[in-house]
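J.: what follows is a predicted protein model with its sequence.
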Amino acid sequence: MLTLLAMLLASSPASIGAPDECQYDLSSYVGMNPIEFDQGEDGWRHIASTAGCEREAAELIQKYIHYNENKLGEDIRPLLLWHRGQILAFSGNYAQAITEMTASKKRATTDIDGWNLYVEGTIAFLENDRAAFDEVIFDLKALKRPPGYPDGDLEWPPNMSVLARMGKCFGSPYKQAYEGRC
């Protein structure tokens, strides 16, 4: 007997109407382990790396979350939402990107490395709110490294260099600013 998931996957081909290079087999993705799907080159990034396939990559992440909700912990779900938001922002869909990015925030008690500030800074950039963006930068610079947090070559606070690039490119499209191409 087919499971509900197998029936849904078999009856609804992914990315209908998308260009051939953006087509994907949903069943091959939903079975991936969450870290492999998010961080590996064979996960959503494979679709996103093809120019013009941003909508399909964002759709794939949304479907992956839906089909794997019970496997996603507090560490990976926010990253998937964040990456979906980034793809949407790269394609210029800022309103939907902001919704996804906001949903990627961590609970205050688990945010030891300024993740929520990074999210807020990115949203301020997307909203073209320089004052809010600068306030986030100030707050991030004041953030103390928690005891036991890894030292070494890790940037502190994490993602500060991304926000610095965005600050230099403020007012540019997100994709250009994120890459520092302004």
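T.: Received, thanks.
J.: got the domain boundaries for the protein?
T.: Following automatic domain parsing, one finds the domains of the chain at 18-101, 105-182.
J.: tell me the spacing between the residue nearest to the spatial centre of the chain and Gly152.
T.: Geometric centre of the chain, nearest residue: His83, 1.5 Å, by CA atoms, centre = their mean. Separation of His83 from Gly152 (CB to CB, to the nearest Å): 25 Å. C-betas here are computed from N, CA, C, even on glycine.
J.: ok, now Met166?
T.: Using CB to CB, one gets 25 Å for the distance from Met166 to Gly152.
J.: what about the two, which has more around it?
T.: For Met166 versus Gly152, neighbours defined as other CB atoms under 10 Å are more numerous around Met166 (25 against 4).
J.: just the C-alpha atoms of the strand or helix carrying the more buried one, please, in CSV.
T.: For Met166, the enclosing helix or strand under DSSP states H and E is helix 160-168. Only the C-alpha atoms of helix 160-168 are listed here, as CSV (Å, rounded to 0.1, in the frame of the first residue of the first chain):
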residue,chain,number,x,y,z
MET,A,160,29.2,40.6,10.3
SER,A,161,31.2,40.6,7.0
VAL,A,162,27.9,40.0,5.1
LEU,A,163,26.3,43.0,6.8
ALA,A,164,29.4,45.1,6.2
ARG,A,165,29.2,44.4,2.4
MET,A,166,25.5,45.2,2.5
GLY,A,167,26.2,48.5,4.3
LYS,A,168,28.7,49.5,1.7
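J.: which strands or helices does it pack on?
T.: helix 115-126, helix 130-142, helix 174-179 (3 or more CB pairs under 8 Å, 6 or more residues apart in numbering; DSSP states H and E).
J.: of all those, which one is nearest Ser91?
T.: helix 174-179 (8.2 Å; CB to CB).
J.: who are the packing partners of the closest one?
T.: When contacts are defined as 3+ CB pairs under 8 Å, 6+ apart, helix 174-179 packs onto helix 76-90, helix 115-126, helix 160-168.
J.: same list, these, but as TSV with distance to Lys106 and mean pLDDT please.
T.: TSV is the format used below for the helices and strands packed on helix 174-179 (distance: least, CB to CB, whole Å; pLDDT from 0 to 100):
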stretch	distance to Lys106	mean pLDDT
helix 76-90	6	96
helix 115-126	5	98
helix 160-168	17	97
